[in-house]
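>>> Sequence first, then the predicted structure:
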Amino acid sequence: MRPGRERPWDFVIVGGGSAGCALANRLSADASMFVLVLEAGHSDFRLDPLVHMPAALPIPIENRFYDWKYESEPEPFMGGRRVFHARGKLLGGSSSINGMIFQRGNPLDFERWAAEPGMAGWDYLHCLPYFKRMETCLAGADKWRGGQGPLVLERGPAANPLFSAFFEAAQQAGYPLTDDVNGYRQEGFARFDRNVHRGRRLSAARAYLHPVMDRPNLSVETLALTTKVRFEGRRAVGVDYLKGGRLHRAVEAHEVILCGGAINSPQLLQLSGVGNADELGRLGIGIVQHLPGVGENLQDHLEVYVQHASKKPVSIAPGLRWRARPKIAFDWLFFRKGLGATNHFEGGGFCRSNDEVDYPNLMFHFLPLAIRYDGSAPTKGHGYQVHVGPMYADTRGSVKITDTNPKRHPALRFNYLSTRTDRKEWVEAVRVARTILNQPAFEPYDGGELSPGPSVQTDDEILAWVATDAETALHPCSTAKMGVDEMSVVDPQSMRVHGVEGLRVVDASVMPSITNGNIYAPIMMVAEKAADLILDNPPLVAEDVPYYRYRDEMPLHASTRSTTESEVTS
């Protein structure tokens with residue numbers, strides 16, 4: 001790994017997923033710093049079409065070679081059913097198997113973060129420079145968008161006529177269009193940015209890690225399952241890990257950085273004696289630091305598919321037929337074009353389900369096809385669908401280990417639909433989706449609602465259908481949140497775990513609350529900002545740019561605003 005070198009690694013990064021890849025790049029840019037990345041999964045083999053072909057995204061999910069295949073405990077408000085959770089089991093982590101949708105969230109999400117004690121510096125205008133640093137927006141760099149970062153973002157063409165009908169229907173239903181959901185105004189409907197470049201998935205591994213793999217001060221080990229953070233007193237001094245599932249190894253490090261995500265990072269903290277002392281004591285784990293917030297505050301996005309049949313043969317359903325697949329594969333392999341070169345989630349939008357919320361609380365993804373993630377379809381003919389769900393559910397769950405075996409998945413409890421507000425917004429979400437899909441713009445295509453179907457009408461019927469049919473949008477976060485209160489785990493100004501030395505966490509688990517949209521972009525922003533905090537670099541200067549705020553229909557400037565509680569809560 002570093003032949004001839006006696007001193008410990010400067011940084012050991014546990015997890016070669018989204019945040020881990022970004023940190024490996026930024027930390028190893030200093031040639032004097034020696035960085036080791038330990039990834040429990042395998043490599044993201046460059047010739048693997050199931051990883052790099054955008055349209056192949058459903059295939060790795062639920063495949064044990066690519067996916068850790070988590071599932072929740074029986075959800076009490078969903079009839080006791082378990083909800084499946086895919087997590088990437090390879091370099092790039094979930095960015096190597098996700099839907100490639102790039103959404104920053106709403107600016108007021110970060111104002112909400114910054115309103116919490118100790119979170120100064122995490123407001124939107126301080127985070128914006130890091131969003132810009134990480135991206136090359138091919139639609140055009142401007143005061144909101146970056147033009148020189150490693151993440152190249154293409155905007156979906158949304159050329160299928162069903163997209164045109166969707167955007168027109170949204171306006172007929174009273175919802176605006178917007179130029180860019182990641183720019184001045186998130187609220188509205190538009191074509192989406194995506195992590196697809198020249199017909200290939202651009203995962204965090206491809207964008208951040210592979211371009212620097214030849215650095216002599218960077219080493220990456222795959223099939224390396226970290227089992228424990230080793231401590232001397234309250235100082236982390238390295239980690240133990242299993243190589244290939246069997247061979248035990250240990251490494252020393254000045255700093256250990258956990259980047260395993262919202263499930264694995266709290267699991268590893270608990271296995272290492274950092275967490276709720278009472279719970280860990282019952283499992284016979286020696287306590288290093290009592291932090292009751294480890295594994296708590298779990299948040300996620302739940303979604304349903306509202307599906308319609310199409311009277312016209314305009315959907316992409318023919319691409320599902322076996323006889324069509326050789327041509328799709330040929331076009332993608334040799335020309336990087338055609339149906340294989342798109343993630344199909346090329347447009348959607350954000351809107352408010354009621355006038356009580358200050359900013360959008362519903363997200364829509366439109367797909368010119370009626371199909372589920374597992375590949376099952378309600379019809380053999382043509383169709384289309386929207387994915388919809390509330391963005392700010394006030395439900396909270398947990399991640400808890402049940403024994404000391406690091407190979408055993410922890411217990412995941414999300415408590416979906418457990419609050420009155422969540423249930424209210426779910427009914428509103430389905431009704432808004434139906435309102436849009438029943439507008440005149442869809443009349444030439446509408447062959448009738450397939451799911452949930454005309455038999456589902458009342459509030460109770462809608463909730464019963466959601467409980468039976470909803471799937472996770474795969475956005476778990478906030479299980480080791482930044483902050484300074486008694487349930488916080490990570491110091492927002494250094495990313496260090498409270499009460500110990502030499503240990504930091506940088507991934508989705510540190511987000512204080514979930515953001516509005518897919519969470520890949522905020523995770524990468526956190527990693528970019530964390531790299532400067534870890535290296536003691538001067539932070540990027542906050543940018544004074546306007547952004548849309550519904551309440552006064554006017555742009556809000558940092559130089560003129562005074563944040564109040566009503567502005568930062570949804």
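Sure thing, it's come through.

>>> now stretch 112-127, how far from the chain's geometric center?
20 Å (CA atoms, centre = their mean, to the nearest Å).

>>> list the buried ones in the lengthiest strand in the chain?
Ranked by residue count, the top strand of the chain under DSSP state E comes out as strand 247-258. Under the neighbour-count criterion of 16 or more other CB atoms under 10 Å, strand 247-258 has 251, 253, 254, 255, 256, 257, 258 buried. Placement of C-beta: from N, CA and C, glycine included.

>>> counting contacts, what elements does it pack onto?
On a contact count with 3 or more CB pairs under 8 Å, 6 or more residues apart in numbering; DSSP states H and E, strand 247-258 meets strand 9-14, strand 224-232, strand 235-243, helix 261-271, strand 503-505.

>>> okay, that strand in PDB with CA atoms only?
Below are the C-alpha coordinates for strand 247-258, written out as PDB (Å, rounded to 0.1, in the frame of the first residue of the first chain):
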ATOM      1  CA  LEU A 247      -8.500 -11.900   5.900                       C
ATOM      2  CA  HIS A 248      -8.300  -9.500   9.000                       C
ATOM      3  CA  ARG A 249      -6.200  -6.400   8.600                       C
ATOM      4  CA  ALA A 250      -5.600  -3.300  10.600                       C
ATOM      5  CA  VAL A 251      -4.200   0.100   9.600                       C
ATOM      6  CA  GLU A 252      -3.100   3.100  11.600                       C
ATOM      7  CA  ALA A 253      -4.200   6.700  10.700                       C
ATOM      8  CA  HIS A 254      -4.000  10.200  12.000                       C
ATOM      9  CA  GLU A 255      -7.600  10.700  10.900                       C
ATOM     10  CA  VAL A 256     -10.400   8.300  10.200                       C
ATOM     11  CA  ILE A 257     -13.200   9.700   8.000                       C
ATOM     12  CA  LEU A 258     -16.500   7.700   7.800                       C
END
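
>>> That strand versus helix 261-271: what angle between them?
In terms of direction (axes from the mean of the first three to the mean of the last three CA atoms, to 10 degrees), strand 247-258 departs from helix 261-271 by 110 degrees.

>>> Mind listing residues that contact strand 247-258?
For strand 247-258, the external contacting residues (CB atoms under 8 Å, 6 or more residues apart in numbering) are 1, 8-15, 20, 23, 36, 224, 229-230, 236-243, 264-265, 268-269, 495, 502-507, 534.

>>> and it, how far from the chain's centre?
Centroid separation for strand 247-258 versus its chain: 26 Å, with CA atoms, centre = their mean.

>>> Could you list the paired strands of it along with their orientation?
Strand pairing for strand 247-258, determined by DSSP bridges: strand 9-14 (parallel), strand 235-243 (antiparallel), strand 503-505 (parallel).

>>> For the helix or strand of the chain with the lowest mean pLDDT, list every residue counted as buried.
Least confident helix or strand, the chain: helix 325-335 with a mean of 86, by mean pLDDT, DSSP states H and E. For helix 325-335, the neighbour count (16+ other CB under 10 Å) marks 328, 329, 331, 332 as buried.

>>> Tell me the one of these nearest residue 141?
Relative to residue 141, the closest of the buried residues of helix 325-335 is residue 332; by CB to CB it sits at 28.6 Å.

>>> How many residues are close by the residue nearest to the closest one when sequence neighbours are not counted?
Leaving aside its sequence neighbours, residue 332 sits nearest to residue 340 (CB to CB, 6 or more residues apart in numbering; 3.2 Å). Number of residues near residue 340 (other CB atoms under 10 Å) recorded here: 23.

>>> Report the contact partners of residue 340.
53, 54, 55, 56, 199, 328, 329, 331, 332.

>>> could you pull out the helices for the stretch 401-550 of the chain?
420-437, 459-469, 520-535 (DSSP state H, counting those that start in this stretch).
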